[in-house]
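In: task: produce atomic coordinates for the following.
(one chain, ligands or ions: 1)
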Amino acid sequence: MTVEATAPATETADAFSCSKLFVEYRTRNKVLRVLEDVGFSCAQGEFLSILGPSGTGKTTLLRILAGLLSPGEGSSVRFRGKEITGPPTGVGIVFQNYAASLLQWRTVERNVALGLEGRTSKAERDERVREALELVGLADRGKDYPWQLSGGMQQRVQIARSLVMRPEVLLMDEPFGALDAMTKMQLQDELLKVAEVTGATVVFVTHDIDEAVYLSDRVLVLAGRPATVGRELRIDLPRPRDQVTTKELPAYLAARHRVYEALRAESEAQ
Ligand SMILES: Nc1ncnc2c1ncn2[C@@H]1O[C@H](COP(=O)(O)OP(=O)(O)OP(=O)(O)O)[C@@H](O)[C@H]1O
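Out: Residues are numbered from 1 along each chain as shown. Sure, this is the predicted structure:
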């Protein structure tokens with residue numbers, strides 16, 4: 001693995017750390033090893049993106065971090081220092097397919113409240129739902145149904161549904177992949193704002209080099225079959241970021257270039 005930058009300036013405890021991670025899928029007549037000897041850590045409060053060609057195992061890695069899938073024996077995957085044995089508390093997940101993950105017969109408010117039902121008083125639930133909808137810019141759409149909203153708004157509802165649980169970590173699997181360019185940029189900025197306000201750690205899977213550079217503190221490039229972490233690139237760009245001025249910075253263009261080259265080199269090496 002090539003590491004192209006120094007360690008973070010400030011020492012923070014890791015949200016996640018993996019070593020010797022491998023994953024196999026077993027079907028009736030074969031075993032497919034998808035990830036091999038994956039090792040990395042993600043600091044608390046860090047925005048970490050995972051890039052890699054289609055089918056390399058990005059979603060698989062996210063599912064491992066979410067505790068939804070078990071790694072191979074001998075792998076180590078830790079959340080805040082503890083081995084993951086099931087979905088850890090404090091970890092929220094956002095998928096690309098927002099329409100399928102929202103309950104169309106429930107209002108936006110009641111979709112967002114879902115994870116809190118039976119856990120808090122109604123007053124606290126209402127307050128947290130209001131707060132989450134405000135964070136994603138949907139304070140005035142709580143009484144609508146998902147089918148009355150645009151794609152971007154529905155994806156915001158899914159994000160609010162995670163935020164209402166006040167997660168320490170958001171695991172996001174190509175959450176903006178299906179959105180048009182303008183909506184995508186808006187949601188990227190909202191996500192950066194949310195991460196800043198809540199201090200959440202974000203692990204973000206994407207195919208989009210610009211998106212990874214714009215959002216992240218660090219980018220991991222997964223490559224190979226089975227895949228491993230081929231490159232790790234630190235993105236040293238000032239925050240808060242801005243869709244126009246950040247993308248005009250020579251440092252942004254240089255980072256974009258490095259990520260592109262890393263992806264190309266890793267793809268060619270396969
Ligand atoms: N449940 C499963 N059973 C068997 N094989 C699977 C399963 N889930 C994924 N795979 C295989 O594992 C490999 C990695 O899949 P994964 O979805 O993790 O890749 P990805 O990098 O997220 O892909 P994409 O970028 O296209 O979404 C693929 O070859 C896929 O077919």
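
In: next, count neighbours for residue 100.
Out: A count of neighbours around residue 100, defined by other CB atoms under 10 Å, yields 9. The way it works is simple: take the backbone N, C-alpha and C, and place the C-beta from them, glycine included.

In: quick one: pLDDT of it?
Out: Here, the pLDDT recorded for residue 100 equals 83.

In: what are the contacting residues of the helix or strand hosting it?
Out: Assigned by DSSP states H and E, residue 100 belongs to helix 98-101. Helix 98-101 has contacts (CB atoms under 8 Å, 6 or more residues apart in numbering) with 95, 146, 151, 154, 155, 157, 158, 175, 178.

In: same thing with stretch 121-129?
Out: 109, 112, 113, 116, 117, 120, 142, 160, 164, 166.

In: hang on, residue 177 in a helix?
Out: No. Counting by DSSP: H, G, I helix; E, B strand; the rest coil, residue 177 is not found in a helix; it is coil.

In: quick one: contacts for it?
Out: Per CB under 8 Å, 6+ apart, neighbours of residue 177: 96, 206, 207, 208.

In: report the two of the contacts of stretch 121-129 separated the most.
Out: Farthest-apart pair in the contacts of stretch 121-129 is 142 and 166; separation 18.3 Å (CB to CB).

In: of those two, which one has the most company?
Out: Shown here are residue 142 and residue 166; by other CB under 10 Å, residue 142 has more neighbours (19 against 13).

In: from memory that one sits against residue 106, does it?
Out: No. Assessed by CB atoms under 8 Å, residue 142 is found out of contact with residue 106, at 11.2 Å.

In: report the buried residues of stretch 16-35.
Out: Under the neighbour-count criterion of 16 or more other CB atoms under 10 Å, stretch 16-35 has 16, 17, 18, 21, 22, 23, 34, 35 buried.

In: can you list contacts of it?
Out: 36-42, 57, 60-61, 64-65, 69, 71-72, 74-79, 81, 169, 201, 203, 222, 226-228.

In: let's see 7 Å
Out: Contact with stretch 16-35 is made by 36-42, 57, 60-61, 64-65, 71-72, 74-79, 226-227, as judged by CB atoms under 7 Å, 6 or more residues apart in numbering.

In: rounded mean pLDDT for it, please.
Out: For stretch 16-35, mean pLDDT rounds to 95.

In: can you name the element that comes right after the helix holding residue 100?
Out: Per DSSP H and E, helix 98-101 leads on to helix 108-113 as the next helix or strand towards the C-terminus.

In: need phi/psi at residue 146.
Out: The phi and psi values for residue 146, taken as degrees, to the nearest 10, are phi -50, psi -40.

In: quick one: the strands in the stretch 51-200 of the chain?
Out: Secondary structure of the stretch 51-200 of the chain by DSSP state E, counting those that start in this stretch: the strands cover 76-79, 82-83, 91-94, 169-173.

In: can you list the strands that the second one pairs with?
Out: By that I understand strand 82-83. When sheet partners are counted by DSSP bridges, strand 82-83 sits next to strand 76-79 (antiparallel).

In: the closest residue in space to residue 91 that isn't next to it in sequence bridge partners, please.
Out: Spatial nearest neighbour of residue 91, excluding adjacent residues (CB to CB, 6 or more residues apart in numbering): residue 169 at 4.7 Å. Beta bridges link residue 169 to residue 91, residue 201, judged by DSSP bridges.

In: quick check, residue 169 in contact with residue 15.
Out: Yes. With contacts counted by CB atoms under 7 Å, residue 169 reaches residue 15, the gap being 5.6 Å.

In: residues shared between the contacts of those two?
Out: Residues touching both residue 169 and residue 15 (CB under 7 Å, 6+ apart): residue 201.

In: which SSE is residue 25 in?
Out: strand 14-26.

In: got the angle between that strand and strand 169-173?
Out: 40 degrees (axes from the mean of the first three to the mean of the last three CA atoms, to 10 degrees).

In: pairing partners for strand 14-26, with directions?
Out: The sheet places strand 14-26 alongside strand 31-43 (antiparallel), strand 76-79 (antiparallel), with pairing taken from DSSP bridges.
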